[in-house]
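**Student:** heads up, no residue letters with this:
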């Protein structure tokens, strides 16, 4: 890769941006409950086109499953600069809180109370994909076409990432940071689904590194106006076909417990849970229970992460 910073083409028009979105609540129970009121999300990453045999079976996903997955998939990597938690509802500064009136009765504790530090959030769930031999062909609905970020303006990518309202605010600076990160997003492996000349869905490839030799799929988003058409699973499949053509043998992604529609889509694509933290086995059991999907007798992976 060239040492020169990557700058994708950009049109003069300003791209829309939206406020950052919250991640999952700290507990598994809260994450699971949130799934009932929040449409899921999908969790990033070059030759153009998608391989596939003429007789390949179309990837099947229900309308709700495939594109609810694309509401937001924010991977837990260096590209994710959105706030980890939603603002609002916080406590007043510690100096404004006291255990009793200032200058109270003798023996009354008038020292400022200090809010307890927030509990650390558990790490995101991890999934891996190795089923490249059985990868199904990409089949978009009529009226939709596929392009790569290398073929489009950077504004197109920014616009669709902002459209979900759940991936934080994207602008040119943030997009270029992703392209020039030590684990960069690959423009030729970042796919955009187009409809009447507008980008309506995306998923991207993050390059492998010696520390993590598997490529990462992430930054998946579908414009809410186009959800229900199976675009999330199709654009993810396009990224996996890119990985297959590159000869990569495994892909990973990160997601949250409460993104149940997204996880269902990943499972249909052939992703499997991977254990990288002590909390993962119990959390995956709960996810499978909520999805009514069979849990594996043993989960692949190690606490060390890469295999």
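**Tutor:** All right, it came through fine. All values reported here derive from a predicted model rather than from experimental measurement.
**Student:** was I right about residue 149 contacting residue 157?
**Tutor:** Yes - assessed by Cβ atoms under 8 Å, residue 149 is found in contact with residue 157 at 5.4 Å. In short, each C-beta sits where N, CA and C put it, glycine included.
**Student:** for the helix or strand residue 155 falls within, the averaged confidence score.
**Tutor:** Per DSSP states H and E: residue 155 is located in helix 154-163. The average pLDDT within helix 154-163 is 97.
**Student:** in that helix, what counts as buried?
**Tutor:** Within helix 154-163, the residues that count as buried by 16 or more other Cβ atoms under 10 Å are 154, 155, 156, 157, 158, 159, 160, 161, 162, 163.
**Student:** and those residues as JSON lines, adding distance to residue 118?
**Tutor:** Formatted as JSON lines, the buried residues of helix 154-163 follow (distance: Cβ to Cβ, whole Å):
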{"residue": "154", "distance to residue 118": "35"}
{"residue": "155", "distance to residue 118": "36"}
{"residue": "156", "distance to residue 118": "37"}
{"residue": "157", "distance to residue 118": "33"}
{"residue": "158", "distance to residue 118": "31"}
{"residue": "159", "distance to residue 118": "33"}
{"residue": "160", "distance to residue 118": "32"}
{"residue": "161", "distance to residue 118": "27"}
{"residue": "162", "distance to residue 118": "28"}
{"residue": "163", "distance to residue 118": "30"}
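**Student:** among those, which one sits closest to residue 239?
**Tutor:** For the buried residues of helix 154-163, the closest approach to residue 239 (Cβ to Cβ) belongs to residue 157, at 13.5 Å.
**Student:** contacts only, for the closest one.
**Tutor:** Applying Cβ atoms under 8 Å, 6 or more residues apart in numbering to residue 157 gives the contacts 8, 149, 175, 190, 192, 199, 202.
**Student:** same question for residue 246.
**Tutor:** Going by Cβ under 8 Å, 6+ apart, residue 246 touches 189, 215.
**Student:** ok, back up a step: of the buried residues of helix 154-163, closest to residue 234?
**Tutor:** Nearest to residue 234 among the buried residues of helix 154-163 is residue 160, at 14.2 Å by Cβ to Cβ.
**Student:** tell me who's in contact with the closest one.
**Tutor:** Going by Cβ under 8 Å, 6+ apart, residue 160 touches 192, 199, 200, 201, 202, 221, 222, 223.
**Student:** out of those residues, which is nearest to residue 167?
**Tutor:** Using Cβ to Cβ, these come closest to residue 167 at residue 221, 6.1 Å.
**Student:** tell me the SS of that closest one?
**Tutor:** Secondary structure, DSSP: H, G, I helix; E, B strand; the rest coil: residue 221 is strand.
**Student:** show the pLDDT at it.
**Tutor:** Note on residue 221: pLDDT of 92.
**Student:** how many neighbours does the residue lying closest to it once chain neighbours are set aside have?
**Tutor:** Counting by Cβ to Cβ, 6 or more residues apart in numbering, residue 164 is the residue found nearest to residue 221 once chain neighbours are left out, at 4.7 Å. Neighbourhood size, residue 164 [other Cβ atoms under 10 Å]: 25.
**Student:** I'd say residue 164 and residue 223 touch.
**Tutor:** Yes - Residue 164 is in contact with residue 223 according to Cβ under 8 Å; the separation is 7.5 Å.
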